[in-house]
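Undergrad: All I have is the shape, not the residue letters:
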């Protein structure tokens, strides 16, 4: 830049000199020869023109070089995808302009760097928010209860699979859709509106709803809460629907059990008390009548004892207080003991007890008292639900899988198909057969616990309405090695 300015000063001095010369020549022309004057004038003009051309050429070349260097640096910045400083020599033209451009680029670089930092911070916050969202989704989707989350505009934001099944929608098709277009439950929609208006943290309601897939009528306990951000602003709502159907059914079964047990306790106690009072008042005036009254009292006492045994056995099984006494025993002998106890009950209804045991060599390694109790319950049920003058068949044999099968068949009213899967539930009694015989709904539950949970066996049932039912128990046969170990 310094050389360029010095050259410009020299050229300017020459131009001044040429101008002065032209002036002198013009003055001399007034007093001298015209040809000499013209010659000096042409020489001066040519010299001035030459100097101007040289000056313009030099300036153009200098600027072209500087611009080319600037263009090359800008191209490098573009390839490197960055903003840098344009470098030129201090003695080149356009230095001041380049300095201004560099200042502008510096300001842009500073702003871009600031925006990049803000963008990185936003991306980090977005990553954290996305991670937290995935964690919340994982928690919500792992919950067995139905969960629905809405945003501040009452649009569906999140819902687990249980909620999608319960309210029959798909999250991927209805995400960010208005909740009233997704859920067809007016009670739930009203609850969402109420909790948003009151900004309540916990609102609990009990609803009933038919499941759209199974058709089962459900008892739901729905809890709705308003969701707030850090500034206590309302940003949405969350609803959790807990299926109370099993608890409600269990509560009803317990109520039925208490009522049934009360009735079952009251009936034999009333009989015992009544006949005991008649004996005490001397109304049994003959030995035959006295014996009859005593037998009735004995029968009702045994009925009461069986009921108490069922309740005690239930308590022992559920508390884990059963101490199994595993020992080999003859199954045929256990069946004979059961039929001997229940024969008076069979004779009272003229029911034939048909015992079909394959052989006397059916040995079980089990708790004899527990197996006896299970068989007593099954055969007792068969007699209780069979009409008079029918037959109850008890069969036992060894199958091809080294197992012993025990089959009890009656000719009772049968079990409806919809009750077959529930007859082994605690307190459950077949509604259609309640008028045939009483009970507590504990007998078959105890049988299943004894056979399957305590002895790792299996119990199955087949039934036809009007033709009777068949219960089959399968237990492992006692092997000779097990027999030797138990004897030692």
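TA: Done, it's in. These numbers were taken from a predicted model, which means no experiment stands behind them.
Undergrad: hey, let's count contacts and neighbours off CA atoms from now on
TA: Fine.
Undergrad: any idea how far residue 161 is from the spatially most central residue of the chain?
TA: Nearest to the mean C-alpha position of the chain, counting by CA atoms, centre = their mean, stands residue 142 at 3.0 Å. Between residue 142 and residue 161 the computed distance is 9 Å (CA to CA, to the nearest Å).
Undergrad: Show the subsequent helix or strand relative to the single longest strand found in the chain.
TA: Once the chain is assigned using DSSP state E, the strand that runs over the most residues is strand 217-228. Using DSSP states H and E, the helix or strand that follows strand 217-228 in sequence is strand 234-243.
Undergrad: May I see the buried residues of that following strand?
TA: Residues 234, 236-243 are the ones in strand 234-243 that count as buried (16 or more other CA atoms under 10 Å).
Undergrad: which residue packs closest to residue 210, ignoring adjacent ones?
TA: Take residue 210 and drop its neighbours on the chain: the residue closest to it by CA to CA, 6 or more residues apart in numbering is residue 217, 4.3 Å away.
Undergrad: what about that neighbour, how many neighbours?
TA: Neighbour count of residue 217, defined by other CA atoms under 10 Å: 12.
Undergrad: what's it in contact with, if anything?
TA: Contact partners of residue 217, counting by CA atoms under 8 Å, 6 or more residues apart in numbering, are 208-211.
Undergrad: Residue 473 now?
TA: When the contact criterion is CA under 8 Å, 6+ apart, the partners of residue 473 are 405-407, 451, 457-460.
Undergrad: the strands in this protein, which residues?
TA: Secondary structure of the chain, counting by DSSP E: strands at 146-151, 156-159, 203-210, 217-228, 234-243, 326-330, 352-357, 363-367, 391-398, 403-409, 458-464, 468-476.
Undergrad: low-scoring stretches of the stretch 151-300 of the chain, by residue?
TA: Along the stretch 151-300 of the chain, the model assigns pLDDT under 70 to residues 253, 256-257, 260-261, 263-264.
Undergrad: again, only using 90
TA: Residues of the stretch 151-300 of the chain meeting the criterion pLDDT under 90: 151-154, 157-158, 161, 171-176, 184-188, 192-203, 206-219, 226-236, 238, 243-300.
Undergrad: Which residue ranges of it form helices?
TA: Assigned by DSSP state H, counting those that start in this stretch, the helices in the stretch 151-300 of the chain fall at 161-167, 171-174, 179-182, 186-198, 245-280, 287-319.
Undergrad: Around residue 329, count how many other residues there are.
TA: Neighbours of residue 329 under the rule other CA under 10 Å: 18.
Undergrad: From residue 315, how far out is it?
TA: With the distance defined as CA to CA, residue 329 ends up 26 Å from residue 315.
Undergrad: same question, residue 464
TA: Using CA to CA, one obtains 33 Å as the distance from residue 464 to residue 315.
Undergrad: what do you get for residue 235?
TA: Counting by CA to CA, the separation of residue 235 from residue 315 is 50 Å.
Undergrad: In contact with residue 165, which residues?
TA: Under the criterion of CA under 8 Å, 6+ apart, the contact list for residue 165 reads 212-213.
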